[in-house]
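**Student:** turn this into a model:
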Amino acid sequence: MENLKTYLEKYAFGVCASLGEKFGIASASIRLFFIYTSFLTFGSPLVLYLILAFLMNFHKHLRNQRSTVWDV
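**Tutor:** Sure thing, here's the model as predicted:
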């Protein structure tokens, strides 16, 4: 089970892990928050999760493709 969790955190979006690192909260608590609020609000946090995943992926690509004068 731990291998599956590690695999998903590495290759999935990583939104909860990233938010946990940024705010100093355990990623498991953030995952539970998304799960519980998704049930209570009929899936609207899922939309927020996907938007955050898109923005994180977009930011990662911008950071990797930015070239500087020193890269020549």
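**Student:** in contact with the residue nearest to residue 20 when sequence neighbours are not counted, which residues?
**Tutor:** Leaving aside its sequence neighbours, residue 20 sits nearest to residue 27 (C-beta to C-beta, 6 or more residues apart in numbering; 3.7 Å). C-beta: built from backbone N, CA, C; applies to glycine. Residues near residue 27 by C-beta atoms under 8 Å, 6 or more residues apart in numbering: 9, 16, 17, 19, 20, 21.
**Student:** and with 10 Å instead?
**Tutor:** Contact analysis of residue 27 by C-beta atoms under 10 Å, 6 or more residues apart in numbering lists 5, 9, 14, 15, 16, 17, 18, 19, 20, 21.
**Student:** which one of those is nearest residue 34?
**Tutor:** Ranked by distance to residue 34 (C-beta to C-beta), the contacts of residue 27 are led by residue 16 at 6.9 Å.
**Student:** thought residue 35 was touching residue 45?
**Tutor:** Yes: applying C-beta atoms under 10 Å as the test, residue 35 and residue 45 come out as touching, 8.6 Å apart.
**Student:** counting neighbours, go ahead and name the busier of those two.
**Tutor:** residue 45 (17 against 12; other C-beta atoms under 10 Å).
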